[in-house]
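Student: Fold the following.
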Amino acid sequence: MQAVRNLFRGAWSSEERLDGKTVVITGANTGIGKETAIDLAKRGAKVIIACRDMEKAGAAVKEIKESSGSDSVACMKLDLSDTKSIREFAEAINRDEQKLNILINNAGVMVCPYGKTADGFEMQIGVNHMGHFLLTHLLIDLIKRSAPARIITVSSMAHSWGSINLEDINSEKSYDKGRAYSQSKLANVLFTRSLARRLEGTGVTAYVLHPGVVQTDLWRHLNGFQQLVMKVVSPFTKNSVQGAQTSIYCAVEPSLEKESGGYYSDCAPASCCAAAKDDDLAKKLWELSCRMLSITWE
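Tutor: I've put the predicted structure just below:
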């Protein structure tokens with residue numbers, strides 16, 4: 001039992017610097033996003049945290065600056081449940097930033113009650129997949145000009161329990177919050193697989209990861225039994241610092257420069273489910289996402 005508890009205790013160790021690099025991290029006012037921001041700021045990167053709640057984001061910026069010793073930390077408003085907000089954020093980044101070397105699609109919602117985004121998407125597929133899909137699309141030209149560059153998306157092992165319902169992606173015919181969450185996390189893996197193929201030869205690489213079972217406020221939507229289960233397993237879960245390590249690894253590790261499209265866990269390549277390797281499904285999801293977002297992205 002102690003061995004399991006100590007399976008992934010420490011921080012991933014690397015002296016790699018990010019001086020002169022610009023990083024955008026979505027949802028980094030708390031949890032693993034904030035810990036990732038602290039680490040990358042310590043390495044010399046300019047870090048922009050993209051958050052919906054600007055009051056919480058401002059407090060997080062102060063904490064990130066204090067913890068990292070860096071003044072190159074800023075926050076900008078981004079609501080991934082509203083394509084208007086995503087477009088406004090991307091427009092500001094494209095206008096004001098000369099480069100974007102690392103984009104970390106970290107924000108997410110988990111097993112929430114049924115709801116819809118401003119554009120009518122089911123909330124979990126809308127925020128976790130559609131929002132980051134559109135954001136990446138709108139920033140991709142700047143990212144390409146900044147090559148070598150990386151795009152990192154935080155998924156979950158829950159992708160293994162998911163399936164993509166192309167006929168009812170918004171769960172309008174029936175809704176199960178757990179299945180909808182797993183669908184959105186599988187979409188993250190399929191998105192990265194397709195993205196990596198489209199970025200071949202550009203100097204931009206893409207990675208997707210499972211951060212581990214992390215103690216987070218995302219647990220708040222779990223039902224009573226699920227909350228009880230999480231209490232039982234909590235001694236074996238990660239805190240936010242530990243949960244951030246694979247995001248940091250994918251953003252920083254030099255040996256990954258020649259890798260793209262892979263799935264990672266505990267700072268190492270990991271196995272994803274069969275559906276996550278289905279190139280035909282990935283292609284259909286990509287095309288559906290483009291249609292639903294009214295964009296063209298070959």
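Student: Wasn't Ile152 part of a helix?
Tutor: No: Ile152: not assigned to a helix; according to DSSP: H, G, I helix; E, B strand; the rest coil it is strand.
Student: pretty sure Ala41 contacts Glu35?
Tutor: No: between Ala41 and Glu35 there is no contact under Cβ atoms under 8 Å: 10.8 Å. All C-beta spots, glycine's among them, are computed from the backbone N, C-alpha and C.
Student: what's the single longest helix in the chain?
Tutor: helix 177-198 (DSSP state H).
Student: list the buried ones in it?
Tutor: Residues 177-196 are the ones in helix 177-198 that count as buried (16 or more other Cβ atoms under 10 Å).
Student: List phi and psi for Asp82.
Tutor: The phi/psi pair for Asp82 (degrees, to the nearest 10) reads phi -140, psi 110.
Student: Sketch out the helices for this structure, chain order is fine.
Tutor: Counting by DSSP H, the helices of the chain are 2-5, 31-42, 54-68, 83-96, 123-124, 132-145, 177-198, 224-233, 240-252, 279-293.
Student: right, and these - which one's nearest Glu167?
Tutor: helix 279-293 (9.9 Å; Cβ to Cβ).
Student: pLDDT of the closest one, averaged?
Tutor: Averaged across helix 279-293, pLDDT comes to 98.
Student: Show residues contacting stretch 192-210.
Tutor: 136, 140, 143-144, 147-157, 159, 188-189, 191, 246-247, 250, 256-257, 259-265, 270, 276-277, 279, 282-283, 285-286, 298 (Cβ atoms under 8 Å, 6 or more residues apart in numbering).
Student: gap between that stretch and the chain center?
Tutor: 14 Å (Cα atoms, centre = their mean, to the nearest Å).
Student: related to what we said a few turns ago, so which of the helices of the chain gets nearest Asn165?
Tutor: Of these, the one closest to Asn165 (Cβ to Cβ) turns out to be helix 177-198, at 6.7 Å.
Student: Give me the buried entries from the contacts of stretch 192-210.
Tutor: 136, 140, 143, 149-157, 159, 188-189, 191, 246-247, 250, 256, 260-265, 276, 282, 285-286.
Student: my read: Arg43 touches Leu18, true?
Tutor: Yes: with contact defined as Cβ under 8 Å, Arg43 reaches Leu18; the gap is 4.1 Å.
Student: hey, what's in contact with both of those two?
Tutor: Val252.
Student: Can you give me the separation between Thr205 and Ala196?
Tutor: Between Thr205 and Ala196 the computed distance is 7 Å (Cβ to Cβ, to the nearest Å).
Student: hmm, I was thinking of Ala158
Tutor: 21 Å.
Student: same thing with Ala244?
Tutor: 22 Å.
Student: ok, now how distant is Ile93 from Leu78?
Tutor: From Ile93 to Leu78 the distance is 10 Å (Cβ to Cβ).
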